[in-house]
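K.L.:
Predicted model, plus sequence, below.
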Amino acid sequence: MKEITAVIRRDKLQETKKALEDAGYPSVSIQSVEGRGKQKGDMCSETDPEMPESFCAAVKLKPTPSSYALEHALPKVALYVPKRMLTVVVPDEAVQEIVMSIVRVNQTGRRGDGKVFVCPVEGSIRIRTGERGEAAVR
């Protein structure tokens, strides 16, 4: 078994859940997370319609606080971007299909599309019934 963790754009959540359901894996855990990638949260170099309203208005304007800080020898502002993190455990033979489904739905070609991580799972137990292994995952 493998655990697939995907960090995706917030607006792609419903479409991703639908893709997982269509692939036969509707069981998924979802968390709201914040983070930054190698661009250090500087995704606002132009007005970004996906930027939530909770971010201050200055973040949505050109230049960004990060670019302003760089141009004026100020410390760079590091933004943490709101995302959704999905976790699903699948049998080894389903990993490729699930990963490709997640990538297909979430790939826009822009910074901030997200990441997918695949990790081994040594075991699982369904608490209610005591089932173990893949039977506990389905």
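P.N.:
Structure received.

K.L.:
Within the helices and strands, which one has the spatially closest residue to R10 that is not a sequence neighbour?
P.N.:
Of all residues not flanking R10 in the chain, R84 sits nearest, at 5.5 Å (Cβ to Cβ, 6 or more residues apart in numbering). For every residue, glycine as well, the C-beta is placed using N, CA and C. Assigned by DSSP states H and E, R84 falls within strand 81-90.

K.L.:
Pairing partners for that strand, with directions?
P.N.:
Partner strands for strand 81-90, per DSSP bridges, with pairing direction: strand 2-8 (antiparallel), strand 29-35 (antiparallel).

K.L.:
and the first one, average pLDDT?
P.N.:
By that I understand strand 2-8. Regarding strand 2-8, the rounded mean pLDDT is 97.

K.L.:
same question, stretch 14-29
P.N.:
On average, stretch 14-29 scores 96.

K.L.:
which outside residues touch that stretch?
P.N.:
Under the criterion Cβ atoms under 8 Å, 6 or more residues apart in numbering, residues 6, 8, 30, 86-88, 90, 94, 97-98, 101-102, 104-106, 137-138 lie in contact with stretch 14-29.

K.L.:
mind saving the C-alpha coords of whichever helix or strand comes after the strand holding R84 as CSV?
P.N.:
As assigned by DSSP H and E, the chain's next helix or strand after strand 81-90 is helix 95-106. Output in CSV follows, covering the C-alpha atoms of helix 95-106 (Å, rounded to 0.1, in the frame of the first residue of the first chain):
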residue,chain,number,x,y,z
VAL,A,95,-0.7,4.5,-7.4
GLN,A,96,0.1,5.5,-11.0
GLU,A,97,-3.6,5.9,-11.9
ILE,A,98,-4.4,8.1,-8.8
VAL,A,99,-1.2,10.2,-9.2
MET,A,100,-1.9,10.9,-12.9
SER,A,101,-5.6,11.7,-12.1
ILE,A,102,-4.4,14.3,-9.5
VAL,A,103,-1.8,15.8,-11.8
ARG,A,104,-4.2,16.0,-14.8
VAL,A,105,-6.8,17.9,-12.8
ASN,A,106,-4.4,20.3,-11.0
